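S.K.: This is a predicted model, with the sequence first.
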Amino acid sequence: MVKVTINEIVCKGCGLCVRACPKSVLALSKTKLNAKGYHPAEVAVPEACIGCASCARTCPDVAIRIEKE
Amino acid sequence: MALTLMKGSEAIAEAAIRAGARFFFGYPITPQTEIPEYMSARMPEIGGCYLQAESEVAAINMVYGAAGTGARVITSSSSPGVSLKQEGISYAAGAQLPCVILNVMRGGPGLGNIQASQGDYFQGVKGGGNGDYHLLTYAPSSIQEAVDIMMFAYDKAEKYRMPVLFLADGIIAQMMEPVEMPAMVDYKVDPEKKPWAATGWKPGDDPAKRAVINSLFISTEELSQHTEKLQAVYREAEKNEQMWECYKTEDAEFIITAFGTVARVAKTAIDEMREEGLKVGLFRPITVWPFPYSHLKEACDQESVKAVLDIEVNEGQMIEDVKLALNGSRPVEFLGHCGSQFPTTAEIIEKIREMKEAK
Amino acid sequence: MSVVFEKTQLLTDKQFHYCPGCNHGIIHRLVAESIDELVKEGKLEAGNIVGVAPVGCSVFAYDYFNCDMFEAAHGRAPAVATGIKRAKPDTLVFTYQGDGDLASIGTAEVVHAAHRGEKIVTIFVNNAIYGMTGGQMAPTTLVGQKTTTSPYGRDEAWCGAPIKMSEMLSEVPGSYYIERCAVNNNANILKTKRAIKKAMQYQLEGKGFCMIEVLSTCPTNWGLNPVEAMKWLEENMIPYYPLGVYKDKGAEQK
């Protein structure tokens, strides 16, 4: 079980994590807006995550933390 | 202590070393090349660093880097080279870095010539680089005086956290005089005394103590606070650091103002005039920033004083500060040449006689 | 739960001011992680790190790297780093510079730091444009690329072809290790980190000048979204600026 935590305050909704994810786990929120005015990334399909950390490595704002059971 | 006959460049370089300078970054330019030459031989002997930079621009930025670690650092150049250093000087002033910069002035503007001159007074004391800043600026008139000032220059630079500039003309660097060389100071970087310096902060230490050597304050409030802090330092330096010499001014009818080596020509002329009964004195600023305005005014406001003659080896630069000091209380005349021609004693005496006859 | 990925302590808590998708944040993290690993491996003392920030978009890098930092005048970071390294030879010293800073106004400083074999690491972020001033032509701007000062596209006959710093500096005898990388995908991000760490290790071993050029996007000034910008980099920048090791004296000796 992998836990992906996205810091929504820091996220700028650039979408690079969505592009990087090999399992299409992430998506930019269609409803939420953060204080900066961006649609932050969210974990849309958590069960598909393999914990490769590609999203965290590409995030320009170091907004993603990944933990494994 | 024994007197040694030394060339000015070498005496000043040795004095810097004795004052604790262990890093020299520079670039050759006439008429100060003997300073880097001396440093290149002397620094390795005492475990210091001499590094010839690719340009004066790079040299002053190397000074910025080394001074930011708390080390005592020096660079030297001559007028066109000091122009190139102005960017780094402004940054060092903004980042409040203590260091020593030597300008062995030669003729300008542009390449000018390679003879002694005083053409960089404006550049030295009225800015030079961008922004509201000053440098603690000394204008020595003898090799001994340059050496003596060097021995406390770093203490002053560190006290006020500002760069110190030596505004020396080429004569000082090129002449030889007997000098008493002070003993070596044992200087080591003390992180307690220089909490702002990059001396080994690590994650987990107090974040407020992380060194950030910087002149950028992007918000208007922060920059305004920073420049106000700088101005407060400058006011303090103005209060404490003014240096000047009065020579036979007490009963003078005419007062000559001059800085650097040209003041020595003026002294010879004054002695000759005094023998003839012409009462002339000299006021010589030793710090040209802070300029000793009130002391000059005091000397010239004596009842005996009829007029002031400003003498410089340029087309008239310090005269603006002389006039500011007097604020119209006495007429101020000028004698000077560009092209590095020093006024002769005969010229000075003739000019004073003219002024006397005109009265 | 075990942590697979978290923010390194060599970055401060300050949020990056960079535009969405700007690669500076990725490259900052790689630099910080490389240093952090060297500390954890016992190869470097935690208090012996100094970084030099440039002028340009990464001008505030001194707020982000959690170590002693200097902010240099435009292009002068290698000279400032020289002063620091000469005064504190045991310190890991790195400069972080963009293409306006390093490849234009600061060419003399970087060439001569390389020429002296200065024991510093330079991270050179090349995004083919001036970002901070709002998208003007850089020496690295590609032929035909439109910017606010090359509105008809860069004309090679008028202002030359884009400068290739890695190729150029690898020809300077004093340089030790020069590699060009990119952070456009996971594999290249890992490669970039390995290169940065290797350069840092070379410095700790007292070798000469090392520069890692990292190709980067500028979505805002390129007028593309962050994902499109990565694609543009892959299709336009990488062919002109080929990735790879341009010089590695350490490998030659093996």
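M.R.: Yep, that arrived. Numbering: from 1, shown residues only, chains lettered A, B, ... in the order given.
S.K.: B:M355: which element?
M.R.: B:M355 belongs to helix B:345-358 when elements are defined using DSSP states H and E.
S.K.: tell me what that helix is packed against?
M.R.: strand B:254-257, helix B:262-275, strand B:307-312, strand B:332-336 (3 or more C-beta pairs under 8 Å, 6 or more residues apart in numbering or on different chains; DSSP states H and E). No exception for glycine: its C-beta is placed from N, CA and C like everyone else's.
S.K.: Contact distance from chain C - what residues of chain A qualify?
M.R.: Residues of chain A lying near chain C by C-beta under 8 Å from any C-beta of the partner chain: A:2-3, A:9-10, A:12-16, A:18-20, A:38, A:51-54, A:56-62, A:64-69.
S.K.: ok, how many other residues are close to C:E171?
M.R.: Using other C-beta atoms under 10 Å in any protein chain shown, C:E171 has 11 neighbouring residues.
S.K.: sorry, that was for A:I9
M.R.: Look at A:I9: counted by other C-beta under 10 Å, it has 12 neighbours.
S.K.: in the chain, which spans are helices?
M.R.: Since no chain was named, I'll use chain A. A:16-20, A:54-58 (DSSP state H).
S.K.: that's the other chain; I wanted chain C
M.R.: C:24-40, C:61-64, C:77-87, C:99-100, C:107-115, C:156-159, C:165-170, C:186-204, C:219-222, C:226-232, C:238-240, C:249-253.
S.K.: picking up where we left off before, do you know which of the helices and strands packed on helix B:345-358 lies nearest chain A?
M.R.: Closest to chain A of the helices and strands packed on helix B:345-358 is strand B:307-312 (C-beta to the nearest C-beta; 57.8 Å).
S.K.: Partner strands of the closest one, with direction?
M.R.: Strand B:307-312 pairs in its sheet with strand B:254-257 (parallel), strand B:332-336 (parallel), by DSSP bridges.
S.K.: outside of whatever helix or strand comes next after that strand, which residues touch it?
M.R.: Under the assignment DSSP H and E, the closest C-terminal helix or strand after strand B:307-312 is helix B:319-326. If you take C-beta atoms under 8 Å, 6 or more residues apart in numbering or on different chains as the criterion, helix B:319-326 is touched by B:125, B:257, B:285, B:288, B:291-294, B:296-297, B:300, B:308, B:310, B:312, B:332, B:334.
S.K.: in helix B:319-326, what's buried?
M.R.: B:319-322, B:325-326 (16 or more other C-beta atoms under 10 Å in any protein chain shown).
S.K.: Tabulate those (JSON lines), appending pLDDT.
M.R.: Output for the buried residues of helix B:319-326, formatted as JSON lines (pLDDT from 0 to 100):
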{"residue": "B:I319", "pLDDT": "98"}
{"residue": "B:E320", "pLDDT": "98"}
{"residue": "B:D321", "pLDDT": "98"}
{"residue": "B:V322", "pLDDT": "98"}
{"residue": "B:A325", "pLDDT": "98"}
{"residue": "B:L326", "pLDDT": "98"}
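S.K.: one step back: please check the residues of chain A next to chain C and keep the buried ones.
M.R.: By neighbour count, with 16+ other C-beta under 10 Å, the residues of chain A next to chain C hold A:2-3, A:10, A:12-16, A:18-20, A:38, A:51-54, A:56-62, A:64-67 as buried.
S.K.: nearest residue to the residue in chain A that chain B sits nearest to other than its sequence neighbours?
M.R.: Residue nearest to chain B within chain A (C-beta to the nearest C-beta): A:V62, separated by 15.3 Å. Nearest non-adjacent residue to A:V62, counting by C-beta to C-beta, 6 or more residues apart in numbering or on different chains: C:K7, 4.7 Å away.
S.K.: show me the contacts for the one you found.
M.R.: Contacts for C:K7 (C-beta under 8 Å, 6+ apart) come out as A:62, A:65, C:29.
S.K.: how close does it sit to C:E33?
M.R.: Counting by C-beta to C-beta, to the nearest Å, the gap from C:K7 to C:E33 is 9 Å.
S.K.: Show me which residues of chain C are close to chain B?
M.R.: Applying C-beta under 8 Å from any C-beta, we find that chain C lies next to chain B at C:9-10, C:12, C:45-50, C:52, C:59-60, C:62-63, C:66-73, C:76, C:79-88, C:108-109, C:111-112, C:115.
S.K.: If we use 7 Å, what do you get?
M.R.: Within chain C, the positions near chain B by C-beta under 7 Å from any C-beta of the partner chain are C:9-10, C:46-48, C:50, C:59, C:62, C:66-73, C:76, C:79-84, C:86-88, C:108-109, C:112.
S.K.: Can you tell me what sits against the lowest-mean-pLDDT helix or strand in chain C?
M.R.: The helix or strand of chain C with the poorest confidence is helix C:249-253; it has a mean of 89 (mean pLDDT, DSSP states H and E). Applying C-beta atoms under 7 Å, 6 or more residues apart in numbering or on different chains, the contact partners of helix C:249-253 are C:176-177, C:202, C:207.
S.K.: Most neighbours of all these, which one?
M.R.: Per-residue neighbour counts (other C-beta under 10 Å) across the contacts of helix C:249-253 peak at C:Y177, which has 25 neighbours.
S.K.: residues in contact with the nearest residue to that one once chain neighbours are set aside?
M.R.: Among residues not flanking C:Y177 along the chain, C:C210 sits closest, at 4.3 Å (C-beta to C-beta, 6+ apart). If you count contacts by C-beta under 7 Å, 6+ apart, C:C210 has them with C:121, C:176-177, C:199, C:202-203.
S.K.: can you rerun that using 8 Å?
M.R.: Residues in contact with C:C210 (C-beta under 8 Å, 6+ apart) are C:120-122, C:175-178, C:199, C:202-203.
S.K.: Please pick the buried ones from those residues.
M.R.: The neighbour-count test (16+ other C-beta under 10 Å) marks C:120-122, C:175-178, C:199, C:202-203 as buried among these.
S.K.: Of the residues you listed, which is the nearest to chain B?
M.R.: Using C-beta to the nearest C-beta, C:I120 is the member of the buried ones among the contacts of C:C210 that lies nearest chain B, at 10.1 Å.
S.K.: Was I right to think B:I349 contacts B:R274?
M.R.: No. The criterion here is C-beta atoms under 8 Å, and B:I349 misses it with B:R274 at 11.0 Å.
S.K.: Looking at the two, which is more packed in?
M.R.: For B:I349 and B:R274, the more surrounded residue by other C-beta under 10 Å is B:I349, and the numbers stand at 18 against 14.
S.K.: Retrieve the pLDDT associated with B:I149.
M.R.: In the predicted model, B:I149 carries a pLDDT score of 98.
S.K.: Tell me how many other residues crowd it.
M.R.: Neighbours around B:I149, by other C-beta under 10 Å: 23.
S.K.: so after the lowest-mean-pLDDT helix or strand in chain B, what's the next helix or strand?
M.R.: The helix or strand of chain B with the poorest confidence is helix B:170-174; it has a mean of 94 (mean pLDDT, DSSP H and E). Following helix B:170-174 in sequence order, the next helix or strand is strand B:176-180 (DSSP H and E).
S.K.: Format the CA atom coordinates belonging to that next one as PDB.
M.R.: C-alpha atoms of strand B:176-180 as PDB (Å, rounded to 0.1, in the frame of the first residue of the first chain):
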ATOM      1  CA  MET B 176      60.500  55.900  -2.200                       C
ATOM      2  CA  GLU B 177      60.600  57.100   1.400                       C
ATOM      3  CA  PRO B 178      61.900  55.900   4.800                       C
ATOM      4  CA  VAL B 179      59.100  54.000   6.500                       C
ATOM      5  CA  GLU B 180      58.600  52.600  10.000                       C
END
